[in-house]
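Participant: got a sequence here, can you build the structure:
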Amino acid sequence: MGAHARPPLLMAAAIAVAALMTAVTVADQSTADNIQPLSTLKLQAAQVAMESAAVIHASPDVLGKNGEDSAWVTVNFTAPAPSAGHWVALFSPADFGMSVGGSASTNAAAGEGRPAAGLPTAPIKYMFANISPSFMSSGSGNMSFLVINQRSDCAFGLFSGGKDNPKLIAVSNKISFANPKAPVFPRLSQGKEWNEMAVTWTSGYNINEAYPFVEWKMKGEESSKRTPAGTLTYTRRQLCGKPANAEGYRDPGFIHTAFLKELWPNREYSYQIGHELPDRTVVWGKPSTFRASPFPGQDSLQRVVVFGDMGLGQRDGTNELAGFQPGAQVTTDRLVKDLPNYDAVFHIGDLSYANGFLAQWDQFTAQVEPVASRVPYMVASGNHERTYHDSGGFYNGNDSRGECGVPAETYFYVPAENRGKFWYAADYGMFRFCVADTEHDWRPGSEQHAFLDRCLASADRKHQPWLVFLAHRPLGYSSNDYYATEGSFSEPMGRTLQGLWQKHRVDLAIYGHVHNYERTCPVYENTCMDGNRDKASYSGTMGGTIHAVVGTGGARLRDYSAGPWPQWSVVRDKSFGYVKLTASDHSSLRVEFIHSDDGAAHDAFNITRDYKDVLACTVDSCAPHTLAN
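Facilitator: I've put the predicted structure just below:
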């Protein structure tokens, strides 16, 4: 059965799943946006309380016999005295039950002080037992989990006591993939040169066990070549705090990156990740294809997707994310369906929302693999990747829950000089993208401000007319309720970059972080610079930068500020979706906001501009000593 085909068991239970989801997730509806639902499980209260009448079994016990990296697993379970507080969870490694701190029956009988209770490792995912229609009446039920290869064996635990007082009453048989170390989930990104593609993937093989490589060739060539890959990983000691280095920690395996160089522009390539074992046999990953980047400035049809704030979907109905990232799977499915119609993706921060529960990074790379294995999947750093107190960032919160950037900076390659400082430039044909890292200082005098000035200034606008600034937090304009309350309509001191945007005539500035869609008129210093602010078409000399907030990848949507709209706010749309930039030539750019549910453009505008219009002076865009000014 295909990895994404829904088994008959789930089809039969579909109506019941829909009916029960609301009841099961009531407690999650008030969960704040920044709280990972797995953290609502009171793991330190967990106890072993095995019940002889409680049984749980998973099948099949061997997965991926034909090389698949994901598989559906059916779980059957029985519990005495069924209640709404029973739940089933997937754990990996499978021996999780051996280290639960307290045993309610054994220690009580012995009359001794119980050892510290607690479950030292969090589940990967879970479902409440009453999602199975028969459970509450019969005490028996079944459900299906979509399990991915995460380098170790797995087992399911059956719990009573709900989230607040979990008691482990039964543990299933072990299940595992035929080769748990196999290379999985390739993800592409542009290299530091325009004609270079980075291929990154995950496996269980350290460099002393097998040599990682990519075998690749251009379409039409008979022979292929092999490019070796470098290998990275991280440990608890590189993480900054809990839960990332405690109950949320999971061995990340090994992350490999190979650089395919001297690619021909716009040519199609096939590739396959692999590991050569000491006996010279090869363990292969899935084959895939990609199209190389156009030459910088090349005149051809070029289409780029931009969004932020996606998170994890829940194709199997596992409900730990219900109400947290309700649109993640919808957006992912739309991106997969629309794959022939765009050439690259920029996911500008808040990627997985793992928030310290590190197994979810594997889950996220599996989710985006159908897209990321085919087109460059460029990422930016968001607060849920990087922000942690006393870790050298611009903000001193705890949004990453101890990750402090380590997983994101390891699982995904970006062409930055220093991957710990997630700012970089990316050229794609007629586009120049300057990607900022809002979790580090961007103000004048900072290292990042100097980089952004260089990045914007070095765009050859006669050949790369479309200059785009990307960042996670809005540094320009957003009428989100929080920013309106602050009275700033952007991050603290965010608009210190307005001088750069205006001097370098930045066409678009696009952000995530705020979970809605909003675009502005061409704006500078709070003023629309193009007359009628409600235009769907802009032409001639650029007066100011158009700002768009697109934190609509899947995380729960947010409201706008109450009261009258700021005069610079043109369009608002509280829907899941992404922005699509289409450059048809050096003078025409179309910008669309695509809804994830129907694939239609619900906002669109055009920019038409010749090179002379880019050169022309506007307010604060030319040096004051020139005669032109």
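Participant: just give the number of residues close to the spatially closest residue to His504 that is not a sequence neighbour.
Facilitator: What sits nearest to His504 in space, not counting adjacent residues and going by Cβ to Cβ, 6 or more residues apart in numbering, is Leu456, at 3.8 Å. Any C-beta I mention is one placed from the backbone N, CA and C, and that applies to glycine too. Other residues lying near Leu456 total 20 when counted by other Cβ atoms under 10 Å.
Participant: quick check: phi and psi on Leu456?
Facilitator: As for Leu456, its main-chain torsions (degrees, to the nearest 10) stand at phi -70, psi -40.
Participant: distance of it relative to Asp507?
Facilitator: Distance of Leu456 to Asp507, given as Cβ to Cβ, to the nearest Å: 11 Å.
Participant: so the residue most central in space within the chain versus Glu417, what's the distance?
Facilitator: In the chain, the C-alpha nearest the mean C-alpha coordinate belongs to Leu351, at 2.4 Å (Cα atoms, centre = their mean). Note on Leu351: its distance to Glu417, by Cβ to Cβ, is 21 Å.
Participant: where does Glu369 sit, in terms of helix or strand?
Facilitator: If you go by DSSP states H and E, Glu369 is part of helix 359-372.
Participant: sorry, wrong one. I was asking about Trp284.
Facilitator: Counting by DSSP H and E, Trp284 is part of strand 282-291.
Participant: where does pLDDT dip in the stretch 501-629 of the chain?
Facilitator: Along the stretch 501-629 of the chain, segments meeting pLDDT under 70 span 531-534, 625-629.
Participant: can you rerun that using 80?
Facilitator: Low-confidence segments of the stretch 501-629 of the chain, defined by pLDDT under 80: 530-534, 624-629.
Participant: quick one: low-confidence parts of the stretch 1-150 of the chain?
Facilitator: For the stretch 1-150 of the chain, applying pLDDT under 80 flags the ranges 1-35, 97-118.
Participant: the same query, at a cut-off of 70, please.
Facilitator: For the stretch 1-150 of the chain, counting by pLDDT under 70, the residues that fall below are 1-34, 97-117.
Participant: buried ones in stretch 172-181?
Facilitator: Residues of stretch 172-181 classed as buried: 172, 175-177, 179-181 (neighbour count, 16 or more other Cβ atoms under 10 Å).
Participant: whoops, I mixed them up, stretch 69-82
Facilitator: Residues 69-73, 75-79, 82 are the ones in stretch 69-82 that count as buried (16+ other Cβ under 10 Å).
Participant: shouldn't Thr332 be within a helix?
Facilitator: Yes: under DSSP: H, G, I helix; E, B strand; the rest coil, Thr332 sits within a helix.
Participant: next, count neighbours for it.
Facilitator: For Thr332, using other Cβ under 10 Å, the count is 23.
Participant: likewise Trp216?
Facilitator: Counted with other Cβ under 10 Å, Trp216 comes out at 24.
Participant: what does Val570 give?
Facilitator: 22.
Participant: next one: the one 5 residues further on
Facilitator: For Ser575, the number of neighbouring residues by other Cβ under 10 Å comes to 18.
Participant: correct me if wrong: it contacts Leu557.
Facilitator: Yes: counting by Cβ atoms under 8 Å, Leu557 is a contact partner of Ser575 at 7.4 Å.
Participant: follow-up on the earlier one: just the CA coordinates of the helix or strand just after the strand holding Trp284, formatted as CSV?
Facilitator: Tracing the chain past strand 282-291, the next element assigned as helix or strand by DSSP H and E is strand 302-307. Extracted C-alpha coordinates of strand 302-307, given in CSV (Å, rounded to 0.1, in the frame of the first residue of the first chain):
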residue,chain,number,x,y,z
GLN,A,302,10.3,31.7,-13.2
ARG,A,303,7.9,30.9,-10.3
VAL,A,304,8.7,31.0,-6.6
VAL,A,305,6.5,30.2,-3.6
VAL,A,306,6.9,31.9,-0.3
PHE,A,307,5.2,31.3,3.1
